[in-house]
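*Asks:* With the input below, show me the fold.
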Amino acid sequence: LQIFVPELVLQKCFHVQREELIWDIKQHIISSLPKELKEGFNYGLYCPPVNGKAGKFLDEERPIADYPLTDAVAYLELRYKRRVYKMINVEEKQIKQLHTRANLRRMLDHVSNSNVEKVTKLCSRGLDPNFHCPDTGETPLTLAAGLKGPTKVIIALVNGGALLDFRTKDGRTALHRAVERNNLEA
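*Replies:* Down below sits the predicted model:
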């Protein structure tokens, strides 16, 4: 694998076995970097767009063999996990304007109040639901996992680009939160 790390402007090659899990490959890559990545647990292996297919983060629970990497030396990026915009004409400027502190706080409030319609609306406008609350370190998805009757909010967030393995500042996923709160529905 040829791995590019944009934050460090670094490119390295790694030899991996086809049955190796993405998680294990990622951990090996992170441990071999000359400089520690802030929130390394929220980085993922990203396959950039190719042949008209949208780019995507590889599922960390699957083996590398599950992905049809075409070249003899496949090219992947180790990136901070963010929403992957599938729309072709997404304007970077418009996305940046949407990610204000007020809108992020609004999203957290809508999630806390189980306001599915407003969560869906913010996501459909392009808001990335993969962010941390500046006060608590929670993510919208981990907040939703602690709610009573969270199914619709969780579905709205995931459909809006929330990554299931995006972690809180203390390293927990939404599944961790659901287990901590004994929330089977989540």
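*Asks:* care to break this protein down by domain?
*Replies:* The chain breaks down by automatic domain parsing into domains covering 2-80, 92-180.
*Asks:* And those domains: which comes nearest residue 186?
*Replies:* domain 92-180 (3.6 Å; CB to CB). Bear in mind the C-beta positions are built from the backbone N, C-alpha and C, glycine included.
*Asks:* Just give me how far that closest one sits from the chain centre.
*Replies:* Here domain 92-180 is found 11 Å from its chain centre; the criterion is CA atoms, centre = their mean, to the nearest Å.
*Asks:* same check, this time on stretch 12-19
*Replies:* Worked out by CA atoms, centre = their mean, stretch 12-19 lies 22 Å from the chain centre.
*Asks:* In space, what's closest to residue 74 - neighbours in sequence excluded?
*Replies:* Of all residues not flanking residue 74 in the chain, residue 1 sits nearest, at 5.4 Å (CB to CB, 6 or more residues apart in numbering).
*Asks:* what sits against the one you found?
*Replies:* Taking CB atoms under 8 Å, 6 or more residues apart in numbering as the definition of contact, the neighbours of residue 1 are 13-16, 25, 64, 69, 73-76.
*Asks:* follow-up on the earlier one: just say which of the domains of the chain is most tucked in.
*Replies:* domain 92-180 (a mean of 18; mean count of other CB atoms under 10 Å).
*Asks:* tell me the mean pLDDT over that one?
*Replies:* Across domain 92-180, pLDDT averages out at 92.
*Asks:* For residue 93, give its distance to residue 99.
*Replies:* According to CB to CB, to the nearest Å, residue 93 stands 11 Å off from residue 99.
*Asks:* Residue 131 too?
*Replies:* 8 Å.
*Asks:* Ok, residue 124 next?
*Replies:* Relative to residue 99, residue 124 is positioned 15 Å away (criterion: CB to CB).
*Asks:* again, but for residue 176
*Replies:* When CB to CB is applied, the distance between residue 176 and residue 99 equals 25 Å.
*Asks:* can you give me the strands for the protein?
*Replies:* In the chain, strands defined by DSSP state E lie at 2-5, 10-13, 43-47, 56-57, 75-80, listed in chain order.
*Asks:* Just put these in JSON lines and tack on mean pLDDT and distance to residue 154.
*Replies:* Written out in JSON lines, the entries for these read as follows (pLDDT from 0 to 100; distance: least, CB to CB, whole Å):
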{"stretch": "strand 2-5", "mean pLDDT": "94", "distance to residue 154": "31"}
{"stretch": "strand 10-13", "mean pLDDT": "93", "distance to residue 154": "35"}
{"stretch": "strand 43-47", "mean pLDDT": "94", "distance to residue 154": "20"}
{"stretch": "strand 56-57", "mean pLDDT": "90", "distance to residue 154": "18"}
{"stretch": "strand 75-80", "mean pLDDT": "94", "distance to residue 154": "22"}
